[in-house]
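In: model this:
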Amino acid sequence: GLTVFVCSVALYPVLRDLSPWVRWGLLGVGLLAGSVAGTAAVVWRFLFFVLSDTRQALAVFTLNAVLALLVGGLAHAYEGMRWRLADSLREVEEVRLVEAQLQEQAAKAELAALQARINPHFFFNTLNTISALLAEDPAKADEVVQTLADLFRYTFKATHAGDVPLDEELEFVDGYLTVEKARFGDRLRVDWAIDPEARGARIPGLLLQPLVENAVGHGIAPVPGGGTVRIGARLSG
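Out: Just a heads-up that it's a prediction; the model follows:
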């Protein structure tokens with residue numbers, strides 16, 4: 001038993017990196033040497049037994065050697081399967097970890113792309129609005145320029161800030177709608193329904209503005225009479 005444990009279990013981590021023929025050869029030599037040494041120690045203790053029945057003593061040597069090889073080989077094979085299973089499980093976990101990291105990186109990259117995105121149409125339409133207001137209402141044009149600058153500042157900030165309070169997102173969207181109202185006039189109406197308790201909730205930066213932009217661009221702009229954009233927020237759970 002001691003020979004099997006030492007050769008097949010304790011030494012397996014050392015032998016496992018060797019080629020199969022070398023590993024099994026060293027294992028066989030170790031098992032035979034251990035069984036012979038152990039049997040010899042016992043026989044030496046009962047020397048008269050050997051002297052009285054040499055053939056039976058040799059039979060004991062042979063039996064112990066065969067048992068050591070059989071049991072040691074099975075233990076060695078079991079250890080091999082156990083280590084291979086552990087390696088497979090570790091590889092599966094590593095693959096899962098890599099997949100999770102890639103998914104996280106992809107999600108962050110997608111979020112960063114959305115956050116960094118400033119619709120060129122909105123930008124150029126705003127410039128056209130400012131150009132038209134310069135002759136009609138210079139003060140309003142100056143207000144739109146300041147609001148546009150604030151929008152750009154928040155965009156750069158939110159791109160690197162991660163989660164932000166909903167209240168900041170609402171303020172950003174309000175500035176965006178101020179610019180759009182200068183363009184659409186009375187055609188664009190806004191209805192706010194914000195639960196005060198929801199204002200402190202944290203959400204990814206620039207999450208709300210693309211939704212409002214799509215609502216204005218696809219829901220209000222094509223309609224001659226305009227319409228109302230309703231923005232609501234409430235806590236649930």
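In: Three-state assignment for the residue most central in space within the chain, please.
Out: Geometric centre of the chain, nearest residue: A100, 2.8 Å, by Cα atoms, centre = their mean. Here A100 is recorded as helix under DSSP: H, G, I helix; E, B strand; the rest coil.
In: Could I get the pLDDT score of it?
Out: On pLDDT, A100 comes in at 88.
In: CA atoms only: put stretch 165-172 into PDB for me.
Out: Output in PDB follows, covering the C-alpha atoms of stretch 165-172 (Å, rounded to 0.1, in the frame of the first residue of the first chain):
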ATOM      1  CA  PRO A 165     -27.200  60.100 -11.800                       C
ATOM      2  CA  LEU A 166     -30.400  60.100 -13.800                       C
ATOM      3  CA  ASP A 167     -30.800  63.800 -12.900                       C
ATOM      4  CA  GLU A 168     -27.700  64.700 -14.900                       C
ATOM      5  CA  GLU A 169     -29.000  62.700 -17.900                       C
ATOM      6  CA  LEU A 170     -32.300  64.600 -17.700                       C
ATOM      7  CA  GLU A 171     -30.500  67.900 -17.500                       C
ATOM      8  CA  PHE A 172     -28.500  66.900 -20.600                       C
END
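In: What ranges in the chain fall below the confidence cut-off?
Out: Applying pLDDT under 70 to the chain picks out residues 7-10, 12, 16, 46-54, 57, 111-122, 159-161.
In: in it, which spans are helices?
Out: 2-4, 12-15, 20-45, 47-52, 54-116, 120-136, 138-161, 166-184, 209-214 (DSSP state H).
In: Of those, which is nearest I203?
Out: Set against I203 and scored by Cβ to Cβ, the helices of the chain come closest in helix 166-184, at 5.6 Å. C-betas here are computed from N, CA, C, even on glycine.
In: any idea how far the residue nearest to the centre of the chain is from A107?
Out: Distance from A100 to A107, counting by Cβ to Cβ, to the nearest Å: 10 Å.
In: Next: A233.
Out: 23 Å.
In: quick one, which of these two is more surrounded?
Out: A233 (19 against 10; other Cβ atoms under 10 Å).
In: before we move on, the earlier item: could you export the helices of the chain as JSON lines, including distance to G227?
Out: Shown next, in JSON lines, are those (distance: least, Cβ to Cβ, whole Å):
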{"stretch": "helix 2-4", "distance to G227": "83"}
{"stretch": "helix 12-15", "distance to G227": "72"}
{"stretch": "helix 20-45", "distance to G227": "76"}
{"stretch": "helix 47-52", "distance to G227": "107"}
{"stretch": "helix 54-116", "distance to G227": "25"}
{"stretch": "helix 120-136", "distance to G227": "18"}
{"stretch": "helix 138-161", "distance to G227": "22"}
{"stretch": "helix 166-184", "distance to G227": "10"}
{"stretch": "helix 209-214", "distance to G227": "13"}
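In: Could you look over those helices and pick the most buried one?
Out: helix 166-184 (a mean of 19; mean count of other Cβ atoms under 10 Å).
In: list the contacts for G38?
Out: 2-3, 64 (Cβ atoms under 8 Å, 6 or more residues apart in numbering).
In: Go again with 7 Å.
Out: T3 (Cβ atoms under 7 Å, 6 or more residues apart in numbering).
In: what about it, distance to A86?
Out: According to Cβ to Cβ, G38 stands 30 Å off from A86.
In: Could you do V144 as well?
Out: Where A86 is concerned, V144 sits at a distance of 65 Å (Cβ to Cβ).
In: Likewise for L11?
Out: 17 Å.
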